[in-house]
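1. Got a predicted structure plus its sequence, pasted below:
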Amino acid sequence: MMRLPVSPDVRQRLMVRRYVATGRGSVRRYLRLLGGFVLLMSDRQVRRFGRALARDARRVADDDLETLLGMDWRCRLVAAWMIGLDRRTRFRERLSGLLLESECPYAGQGYCLALACFGEERDAEIITAYLDRWLPEESCDYDQDDAMGVLLYLDESHATDRAARFLAPGGLWENSAMAGKDPVAARAYIELLHEFAVCSTSGQLKHWLPLRRRFLDDCGGDQPMYGDEDPDR
C-alpha cells in the first residue's frame, strides 16, 4: 500500500500529541514537567509517568528533538527533558544557545535539567555564562534560580566553586531579581529532579519516592497528592 506524504504541519501536530501533550489525564506531560508538578503526583502516577517519559526519551529521533526545540516553550521543555534523560550530549551546544538566548520563560527549566543530567565541566561553563549574562537583567526574572541550583549541584560534583562569586555579599545574586530566593533550596530542588530523571531511566523510581517525601517534609510538611488518574499512556 502506498503511503501518502505527510505535510510538515501535520507532522509537527502529531509530534506534539505524541511527546508533549500526551496523557489520558487532565494535565498533559508538559504541565507535569513544569514547576515541580511531579512532586505532587501520587506514587502510582509517578511510576507510570516516569516510565513513559523514559521510554519516549530512548525512542525519540534526533530529528524530532530538533524540531521540538524549534517550536514553543512547551515543546522545548519536553524535548530538553528527554534529551537529559537519554543523556544526548550532542545537543549540549544547541541547549546552550537556547538558554543564553532566554527567548521565553519555562523552557529554561528543561535546559537546566538537561545540563545537570550531562553533569560535566562544560555544562558548568554554560550555566556560568548564562548567569553572567542574565542576572544583571532585572527584566528577566525567570530560570536563574534553576540555573544557580544546577551550578551549586555541579560545584559539589566536581569540587569546584564557580557559584561563590555570584553569591558573595554585594554580588550579582544579591543585586538581581533573584535576591529573595534561596540558592540552597534551588540546589536541593534541582538535585531532586535530577534523581527523578536518573531513577526514571533506570526503572528504580521506588528509590526516588522516599527522597521526594523527605524533600516535601523539609519544605513544610504534608502537601496534597493528586489522585490516580493516568498521567500518561
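-> Done, it's in. Numbering: from 1, shown residues only.

2. what's the residue nearest the centre of the chain in contact with, if anything?
-> For the chain, the residue nearest the mean C-alpha position is residue 110 (3.0 Å; CA atoms, centre = their mean). Counting by CB atoms under 8 Å, 6 or more residues apart in numbering, residue 110 makes contact with 33, 76, 77, 78, 79, 80, 81, 84. All C-beta atoms are positioned from the backbone trio N, CA, C, and that covers glycine.

3. The residues you listed: which two are farthest apart?
-> 76 and 84 (12.4 Å; CB to CB).

4. And those two? Which one has more around it.
-> residue 84 (28 against 25; other CB atoms under 10 Å).

5. Okay, helices next: where are they in the chain?
-> Ranges of helices in the chain, per DSSP state H, are 8-15, 29-32, 43-59, 62-69, 73-85, 92-101, 107-118, 121-134, 144-158, 164-167, 183-202, 208-218.

6. most tightly surrounded among those?
-> Among the helices of the chain, helix 107-118 has the highest mean neighbour count (mean count of other CB atoms under 10 Å), at a mean of 27.

7. the inter-axis angle of that one versus helix 73-85?
-> 0 degrees (axes from the mean of the first three to the mean of the last three CA atoms, to 10 degrees).

8. Quick one: mean pLDDT over helix 107-118.
-> The average of the pLDDT scores along helix 107-118 is 97.

9. mind starting the numbering at 58 from now?
-> Got it, the first residue is 58 from now on, which makes the last one we talked about helix 164-175.

10. hey, C-alpha coordinates of that helix in CSV?
-> The C-alpha coordinates for helix 164-175 follow below in CSV (Å, rounded to 0.1, in the frame of the first residue of the first chain):
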residue,chain,number,x,y,z
ALA,A,164,11.7,26.2,28.7
GLY,A,165,14.8,27.2,30.5
GLN,A,166,13.9,24.8,33.4
GLY,A,167,14.3,21.9,30.9
TYR,A,168,17.6,23.2,29.6
CYS,A,169,18.9,23.4,33.1
LEU,A,170,17.8,19.9,34.0
ALA,A,171,19.4,18.5,30.9
LEU,A,172,22.7,20.2,31.7
ALA,A,173,22.5,18.8,35.2
CYS,A,174,22.0,15.3,33.7
PHE,A,175,25.0,15.7,31.5
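
11. Report the contact partners of the closest residue to residue 235 other than its chain neighbours.
-> Among residues not flanking residue 235 along the chain, residue 201 sits closest, at 4.9 Å (CB to CB, 6 or more residues apart in numbering). The neighbours of residue 201, taking CB under 8 Å, 6+ apart as the test, are 187, 188, 191, 192, 233, 234, 235.

12. What does the fourth one show for phi and psi?
-> What it means is residue 192. When read as degrees, to the nearest 10, the backbone of residue 192 gives phi -60, psi -40.

13. so it touches residue 222, yeah?
-> No. Shown here, residue 192 and residue 222 do not form a contact pair, counting by CB atoms under 8 Å, at 11.0 Å.

14. so what sits against both of these two?
-> With CB under 8 Å, 6+ apart, residue 192 and residue 222 have common neighbours residue 229.

15. What pLDDT is listed against residue 150?
-> In this model, residue 150 is scored at 98, pLDDT.

16. from the chain's centre, how far out does the lowest-mean-pLDDT helix or strand in the chain sit?
-> Counting by mean pLDDT, DSSP states H and E, the weakest-scoring helix or strand in the chain turns out to be helix 65-72, with a mean of 83. Computed by CA atoms, centre = their mean, to the nearest Å, the chain-centroid distance of helix 65-72 equals 24 Å.

17. what do you get for stretch 69-87?
-> Relative to the chain's own centre, stretch 69-87 is displaced by 17 Å; criterion: CA atoms, centre = their mean.

18. No more questions from me, cheers.
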